[in-house]
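>>> Just need the structure, nothing else, for what follows:
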Amino acid sequence: MEIRQLKYFLKVAETLNFSEAARKLYITQSTLSQQISHLEQEIGLPLFERNSHEVYLTEAGKELLPYAQNAVNSADACIDHMNDLKEMLTGELNIGVTYSFSNIMAETLIAFLRTYPHVKLNISYRSMQELMDGLKKRELDLVLAFKPLKKDKAVDSRAIFSNRLAAIVNENHPLARQSSLRLTDLERYDLILPCKGLQARNAFDHLVEGKGLNYRIMVEVNNVNIIFDLLRRSNLVTILSESTTILQPNMKAVPIDAADNEMDGCIHLLKDSYMKNSAQEFIRMLSQSTSILANFAFKDILS
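Now for the predicted structure:
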């Protein structure tokens with residue numbers, strides 16, 4: 001049984017399609033089928049049921065799945081460790097980010113690239129759930145996002161700063177003169193909100209759940225940059241974290257005065273997994289960035 005075969009098995013189990021799995025693995029379908037057959041022969045049980053239209057995991061395939069994932073994760077961690085010991089900060093660093101962290105991270109990205117030009121940075125902007133899935137599949141080395149509403153036992157979420165939900169408006173909006181507002185105050189304004197599933201929207205929906213409030217939601221958008229562009233051109237109000245306005249000109253964040261209105265900004269890491277030297281260095285540089293030091297109390301998360 002080879003690690004390569006287990007990786008092939010995992011990709012077919014993920015896609016349930018041999019041609020798609022082969023394409024993502026950059027191998028031919030015949031090579032993939034041959035290696036899966038060898039694995040099935042060695043195990044002595046079929047791992048997939050196939051017909052002309054569909055592929056299913058067998059009982060043996062379902063049982064093998066977590067063991068195969070653990071074996072591949074361990075092998076990848078071993079390779080990462082050896083590469084770091086041999087070459088120190090080289091290779092690739094895969095970072096997942098929610099849109100609220102874009103401006104907070106920008107300064108660190110530039111500084112890191114200047115200091116470590118031989119490390120390739122792969123930045124993925126996705127929803128919180130997609131990022132956590134990518135972290136658990138080891139597609140990502142770390143994730144920058146707010147603390148999820150539900151704890152994931154496989155993920156180590158280390159708080160780096162505290163934040164709040166706020167009403168975000170342009171500097172000429174009537175709300176821009178207020179120091180805070182209540183949830184009921186928002187009923188008087190037209191809202192543009194991030195789409196359901198995005199982290200700020202999840203936190204806002206949780207905050208207003210069961211309160212019987214009637215909001216005029218005029219637009220829902222899955223891109224924060226588009227939201228800011230529309231805010232500058234209108235009197236719409238959006239709900240995002242205070243930190244989202246860092247480096248956003250002509251924007252004002254008005255904190256929402258409500259119980260449980262806290263959003264911890266976190267570094268999310270896979271539990272019991274080796275942390276690359278490059279990841280540790282990126283986190284260290286982030287902790288010393290102006291965006292963090294000037295706006296938040298950074299906590300020691302590398303200990």
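
>>> Excluding chain neighbours, what is closest to Thr184?
Leu213 (6.7 Å; C-beta to C-beta, 6 or more residues apart in numbering). All C-beta spots, glycine's among them, are computed from the backbone N, C-alpha and C.

>>> Can I take it that that neighbour is in a helix?
No: read with DSSP: H, G, I helix; E, B strand; the rest coil, Leu213 is coil and lies in no helix.

>>> surely it meets Leu183?
Yes: here Leu213 reaches Leu183: they are 6.0 Å apart, a contact under C-beta atoms under 8 Å.

>>> who has more neighbours, these two?
Leu183 (19 against 12; other C-beta atoms under 10 Å).

>>> how much space between the residue nearest to that one when sequence neighbours are not counted and Leu193?
Among residues not flanking Leu183 along the chain, Ala258 sits closest, at 5.5 Å (C-beta to C-beta, 6+ apart). Using C-beta to C-beta, to the nearest Å, Ala258 is found at 16 Å from Leu193.

>>> Tell me which stretches of the chain form strands.
48-50, 55-57, 91-97, 119-125, 142-146, 155-163, 165-170, 190-194, 216-221, 238-241, 251-255, 263-270 (DSSP state E).

>>> for the third one, which positions count as buried?
Going back to what we said before, that points to strand 91-97. Gly91, Leu93, Asn94, Ile95, Gly96, Val97 (16 or more other C-beta atoms under 10 Å).

>>> For stretch 8-18, list the C-alpha coordinates in PDB.
Written as PDB, here are the backbone C-alpha positions of stretch 8-18 (Å, rounded to 0.1, in the frame of the first residue of the first chain):
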ATOM      1  CA  TYR A   8      -5.600   8.700  -5.500                       C
ATOM      2  CA  PHE A   9      -8.200   6.800  -3.400                       C
ATOM      3  CA  LEU A  10      -9.000  10.000  -1.400                       C
ATOM      4  CA  LYS A  11      -9.400  12.100  -4.600                       C
ATOM      5  CA  VAL A  12     -11.900   9.600  -6.100                       C
ATOM      6  CA  ALA A  13     -13.800   9.400  -2.800                       C
ATOM      7  CA  GLU A  14     -14.000  13.200  -2.800                       C
ATOM      8  CA  THR A  15     -15.200  13.600  -6.400                       C
ATOM      9  CA  LEU A  16     -17.000  10.200  -6.900                       C
ATOM     10  CA  ASN A  17     -15.900  10.600 -10.500                       C
ATOM     11  CA  PHE A  18     -12.800   8.900 -12.000                       C
END
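
>>> Figure out how far it is from the centre of its chain.
23 Å (C-alpha atoms, centre = their mean, to the nearest Å).

>>> Below-threshold pLDDT in the protein: ranges please.
84-90, 290-303 (pLDDT under 70).

>>> can you pull out the helices in it?
Under the criterion DSSP state H, helices of the chain are mapped to 3-15, 18-25, 29-43, 59-87, 102-115, 128-136, 199-208, 224-232, 277-287, 290-293.

>>> Save those helices as a markdown table, and put in distance to Phe146 and mean neighbour count too.
What follows is those, written out as a markdown table (distance: least, C-beta to C-beta, whole Å; neighbours: other C-beta atoms under 10 Å):
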| stretch | distance to Phe146 | mean neighbour count |
| --- | --- | --- |
| helix 3-15 | 27 | 19 |
| helix 18-25 | 30 | 17 |
| helix 29-43 | 39 | 15 |
| helix 59-87 | 26 | 14 |
| helix 102-115 | 11 | 17 |
| helix 128-136 | 8 | 19 |
| helix 199-208 | 5 | 19 |
| helix 224-232 | 13 | 17 |
| helix 277-287 | 15 | 20 |
| helix 290-293 | 14 | 16 |
